[in-house]
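# what follows is a predicted structure for the sequence shown.
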Amino acid sequence: MNTMRWLEEGCLELLDQSKLPLEVTYLNCRDHFDVAAAIKRLAVRGAPAIGAAAAYGLVLGAMKIEVYHKEAFIAGVESIARELTATRPTAVNLRWAMDRLLKKLRSTATEDINELRAVLLAEANLIYREDITNNRKLGAYGQALIPVGARILTHCNAGALATAGYGTALGVIRAAHEAGKKISVYADETRPLLQGARLTTWEMLHARIPVTLITDNMAGYLMASGKVDLVIVGADRITANGDVANKIGTYSLAVLAQVHNLPFYVAAPLSTVDLDLASGEEIPIEERESVEVTHLDGRPVAPAGVKVWNPAFDVTPNRLITAIITERGVIRRPYLKNMQEVMSI
Ligand code: MRU
């Protein structure tokens, strides 16, 4: 199962995650508008997957820019990058991927537009491949922290589906499973869009990793009952001081983990770190449509017209985080110093 696949004729094939687990269907994106629409409606979702998909989206957009001069071409690509970046504001991997492609474009000496397009595609392929390699590396670092027989609680979906492959939080879980540690997983259903129920359990079942589904409001009692040993989640943005934005509900889990004295780990590639922001207060939090809360599978579960608040993410302060697992190793407190150090390697 691939989250996405670049087809040589100039098409990005995306697994439509909004239909999982009931239907395994693919979308063929032929221009950047298709990719932007897929990102907005969460057909592709998860911070690293959004970054890689947007990179290919920029390539598709660049293939359609009809100009003869390099400056005009770069201006066109910059404009498409802005459109793609605006699709989802919280996951920084999206902006990171756009910046990386634009930097590559600006530093390429050729004036030939077709060569520039090829350079963009090569860089998008690199982002895709590196994401898988990085997830395997952080999986190896992370699994060393997991005790034999650990019962692990996770939130949302930070798996192969949320990345180019293998996953971040679920990458650590996969690595621990592959190391024969006989771990088991509790998956929070993750309202409102049920990424835990629909996607994490689906991935775990495919990987034959024992998984138990709970609703979000069961996590506290699960911990109080002594049924879980640690929590591990992914991230959409990590600021310089180690604050972490992730799927709404992550903060509540971190508070609960502290009260119950359980380790709370965040697993993310360094493409998720935003050293431009000093703390989590500065992270833009996406607010989505009220229909995601008022309806389940198209059917209303609340009175028509009720007022709704629907932030898609929350921020977990660094003091609640035991460690951040990256492809360059495990980062612990003081995050401000240790994060800078790891980023500068
Ligand atoms: O709204 P989503 O489904 O894109 O949110 C995804 C998450 O919050 C993930 O936990 C995060 O992106 C990390 S994915 C490796």
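Here it is on my side, so go on. Numbering: from 1, shown residues only.
# next, the residue of the stretch 151-300 of the chain found nearest the ligand: phi, psi?
With C-beta to the nearest ligand atom, the shortest gap between the stretch 151-300 of the chain and the ligand falls at residue 234, namely 2.8 Å. All C-beta atoms are positioned from the backbone trio N, CA, C, and that covers glycine. Per-residue torsions, residue 234: phi -90, psi -160 (degrees, to the nearest 10).
# quick one: it and residue 156 touch, right?
Yes - Residue 234 is within contact range of residue 156, at 7.0 Å (criterion: C-beta atoms under 8 Å).
# and the pLDDT for the residue lying farthest from the centre of the chain?
No residue in the chain sits farther from the centre than residue 68, which is 36.7 Å out by C-alpha atoms, centre = their mean. Per-residue confidence (pLDDT) for residue 68: 93.
# what's the answer for residue 208, then?
Note on residue 208: pLDDT of 98.
# same thing with residue 50?
Reading off the model, residue 50 has pLDDT 98.
# residues in contact with it?
39, 44, 87, 88, 91, 93, 94 (C-beta atoms under 8 Å, 6 or more residues apart in numbering).
# helix, strand or coil for the residue farthest from the centre of the chain?
Under DSSP: H, G, I helix; E, B strand; the rest coil, residue 68 falls in the coil class.
# returning to that earlier point: now, the contacts of residue 50 that are in helices?
Counting by DSSP state H, the part of those found in helices is 39, 93, 94.
# which of the contacts of residue 50 come close to the ligand?
Among those, the ones lying close to the ligand by the criterion of C-beta under 6 Å from any ligand atom are residue 91.
# thinking again about what came up before, name the nearest residue to the residue farthest from the centre of the chain, sequence neighbours excluded.
residue 113 (7.2 Å; C-beta to C-beta, 6 or more residues apart in numbering).
# do the same with residue 229
For residue 229, ignoring the flanking residues on the chain, the nearest one in space by C-beta to C-beta, 6+ apart is residue 150 at 4.6 Å.
# residues contacting the one you found?
Contacts of residue 150 by C-beta under 8 Å, 6+ apart are 176, 181, 183, 184, 229, 230.
# follow-up on the earlier one: count of neighbours near the residue of the stretch 151-300 of the chain closest to the ligand?
31 (other C-beta atoms under 10 Å).
# again, but for residue 1
There are 11 residues near residue 1, going by other C-beta under 10 Å.
# what is the neighbour count of residue 82?
10.
# could you redo the contacts of residue 50 as CSV and give each row pLDDT and neighbour count?
Converted to CSV, those look like this (pLDDT from 0 to 100; neighbours: other C-beta atoms under 10 Å):
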residue, pLDDT, neighbour count
39, 98, 23
44, 98, 27
87, 98, 20
88, 98, 23
91, 97, 30
93, 98, 29
94, 98, 28
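# between the contacts of residue 50, which is closest to residue 310?
For the contacts of residue 50, the minimum distance to residue 310 (C-beta to C-beta) is 14.0 Å, reached by residue 88.
# could you measure from the closest one over to residue 211?
27 Å (C-beta to C-beta, to the nearest Å).
# repeat for residue 335
For residue 335 relative to residue 211 (C-beta to C-beta), the value is 30 Å.
# phi and psi next, for residue 151.
Main-chain torsions, residue 151, degrees, to the nearest 10: phi -110, psi 120.
# er, residue 165 I mean
Dihedral angles (degrees, to the nearest 10) for residue 165: phi 170, psi 160.
# show me the strands in the stretch 101-250 of the chain, by range?
Here the stretch 101-250 of the chain has its strands, by DSSP state E, counting those that start in this stretch, at 151-154, 184-188, 211-214, 230-233, 237-239, 244-247.
# how about the residues of the stretch 201-345 of the chain by the ligand?
Residues of the stretch 201-345 of the chain lying near the ligand (C-beta under 6 Å from any ligand atom): 234, 235, 236, 246, 247, 312.
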